[in-house]
Every structure is written in structure tokens, then in C-alpha cells.
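>>> Test case, fold it:
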Amino acid sequence: MTSILQQQAADLFNITLTDAQSAAFDTLTTELAEWNEKMNLTAITEPDAVRVRHYLDSLSVATVVDLQDQHVIDVGTGAGFPGLPLAMAFPGLTVTLNEATGKKLKYIEHVVSALGLSNVKTLHARAEEAGQQTRHRAKYDLVLARAVARLPALLEYLLPLAKVGGAVIAMKGSTAFIEADDSGEALRVLGGELKDIIPIRLPEMEYDHQLVIVEKVKKTPGAYPRKPGTPTREPLME
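Numbering: from 1, shown residues only. All right, here's what the predicted structure looks like:
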């Protein structure tokens with residue numbers, strides 16, 4: 001029997017989830033609720049809300065970018081979104097889940113093991129630190145973030161990790177266009193170019209989510225990202 005997630009993923013995003021993948025998402029829902037009782041992972045734990053606001057929201061990235069055989073990093077992944085559902089739905093991806101909070105990373109490593117996800121790696125570091133590490137800087141085809149920081153600061157976390165020719169996708173709400181307007185200086189300095197802002201309407205949601213798509217068009221200067229905390233305190237703005 002086709003699950004609601006399978007049906008909605010197909011109808012909304014043209015994503016085919018197997019019965020085994022659907023069962024894995026059910027397992028993740030259970031693990032998320034159980035671990036959330038021990039630590040603050042998410043305010044969203046009711047299964048129907050998890051399906052829409054975590055799983056479908058994460059999978060919406062597939063509507064705007066080719067996810068075949070890509071190296072992806074999810075910066076500030078928190079409870080694993082959007083990177084974990086993408087890794088589950090697209091086994092050909094290689095996904096790095098970056099998180100600075102050790103307790104959250106412990107949960108992520110547990111569910112990655114429980115789900116048998118061989119295409120997921122974890123990275124315990126501040127985004128500013130990761131962006132200066134040789135093994136991560138300019139190594140990713142796609143760099144993702146959801147609800148981490150305002151775009152002028154967020155771009156300093158994300159663009160150093162992207163290859164030239166790669167892309168950054170920031171998952172935003174109603175402030176996406178205002179934040180993009182404030183990001184001209186950050187784009188210029190960091191080597192990015194705003195390509196599009198795509199609205200995503202999810203079931204039972206009263207407002208659109210926005211996917212802010214930025215192309216990495218030139219190398220990010222070595223001075224960026226700056227020291228931890230600096231991008232948020234002193235964002236690159238004109």
C-alpha cells in the first residue's frame with residue numbers, strides 16, 4: 001500500500017520512494033520523537049507535521065537541482081534536515097551533515113547507523129571552521145542550509161564550501177526576497193551570483209517556502225569565512 005509520503009513525494013516533486021524507503025522514513029519519525037524527549041531537536045514531532053514540514057520540505061530541493069551523483073553538504077543540519085531525507089531518497093548522493101552541537105550529532109550518527117545509510121558522513125565543526133579546512137573548502141557540488149542565519153551572513157558560511165560551478169541553496173520563508181536584496185555585497189565578495197528564488201507550496205501550509213539559489217561563479221577569497229561568530233555579528237553588507 002502506498003504511503004501518504006510516497007504519494008505526496010510523487011505528486012509534488014516527481015520523486016519515487018520505494019516501500020523500503022518509506023519504511024525508513026517511518027523509522028526516522030519514531031527515532032526523532034524518542035530522542036526529542038531527551039534533547040531539544042525540533043519543535044515538530046507529530047508524525048503528519050514531520051512528514052510535511054521536515055520530509056517534504058527537505059525533498060523540495062529536488063525540484064530545482066539535479067541530485068544525481070552529487071557531493072552535498074548540509075550546514076547547520078540540526079536534526080538532519082534537509083540533508084538526511086535527501087540522502088534517504090537519493091542513494092546516489094554523498095551527503096555530509098555538518099553540525100556544531102555534539103548532542104545533535106550523536107543523534108544523527110545514531111539514526112544514520114540505524115537506517116544503514118552508507119552515503120552519509122558527519123562533520124562536527126562550526127561552519128566557519130569547516131570552510132577553512134582543506135578537505136571541505138570548495139569541495140561540494142551543492143551546499144544547503146535551512147533556518148541557520150540571515151542570507152548575508154549565511155552566504156559566508158556556505159559559499160566557501162562550494163566548488164566553482166556548484167550551487168548554494170538557502171531554504172527560506174517570507175523574508176527571502178528582503179534578505180536577497182541585502183546580500184549584494186556578500187555575493188560580490190564571496191564569488192556568488194543569485195540565480196533565482198523559487199516558491200514551494202507544501203500541503204496544509206498557509207505560506208510558501210522559498211528556495212534561494214546561488215551559483216558559485218568564482219573562487220572565494222582566502223580570508224573568508226572569517227573567525228567563528230564574525231559573519232553573524234558583522235555581515236558583509238554595503
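
>>> which residues in the protein form helices?
Per DSSP state H, the chain has helices spanning 4-13, 19-36, 47-50, 57-59, 83-89, 102-115, 127-130, 151-158, 176-181, 184-190, 230-233. These are given in chain order.

>>> Export the ones you listed as CSV, with columns for mean neighbour count and mean pLDDT.
Glycine gets a C-beta too; all of them are placed from N, C-alpha and C. Supplementary listing: the helices of the chain in CSV, determined by neighbours: other Cβ atoms under 10 Å; pLDDT from 0 to 100:
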stretch, mean neighbour count, mean pLDDT
helix 4-13, 17, 97
helix 19-36, 16, 97
helix 47-50, 15, 95
helix 57-59, 23, 98
helix 83-89, 26, 98
helix 102-115, 16, 97
helix 127-130, 22, 97
helix 151-158, 28, 98
helix 176-181, 16, 97
helix 184-190, 18, 98
helix 230-233, 16, 96
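
>>> give me every residue that touches Gln132.
Applying Cβ atoms under 8 Å, 6 or more residues apart in numbering, we find Gln132 in contact with Pro160, Pro225.

>>> ugh, wrong one, Glu215
By Cβ under 8 Å, 6+ apart, the neighbours of Glu215 are Gly165, Gly166, Ala167, Val168, Gly192, Glu193, Lys195.

>>> cool, and Val214?
Taking Cβ under 8 Å, 6+ apart as the contact definition, Val214 lies against Leu155, Leu158, Leu159, Ala167, Val168, Ile169, Ala170, Leu187, Gly192, Glu193, Leu194, Lys195.

>>> can we see that at 6 Å?
Taking Cβ atoms under 6 Å, 6 or more residues apart in numbering as the contact definition, Val214 lies against Val168, Gly192, Leu194.

>>> Quick check: Val50 vs Leu28, distance?
Val50 is 8 Å from Leu28, where distance means Cβ to Cβ, to the nearest Å.

>>> do the same with Thr175
Noted for Thr175: a distance of 29 Å to Leu28, by Cβ to Cβ.

>>> for Val168, same thing?
For Val168, the distance to Leu28 equals 26 Å [Cβ to Cβ].

>>> ok, Arg137 - how many residues close by?
Applying the criterion other Cβ atoms under 10 Å, we find 18 residues in the vicinity of Arg137.

>>> Phe81 - how many residues pack around it?
The local packing count at Phe81 equals 25, with neighbours defined by other Cβ under 10 Å.

>>> Thanks a lot, catch you later.
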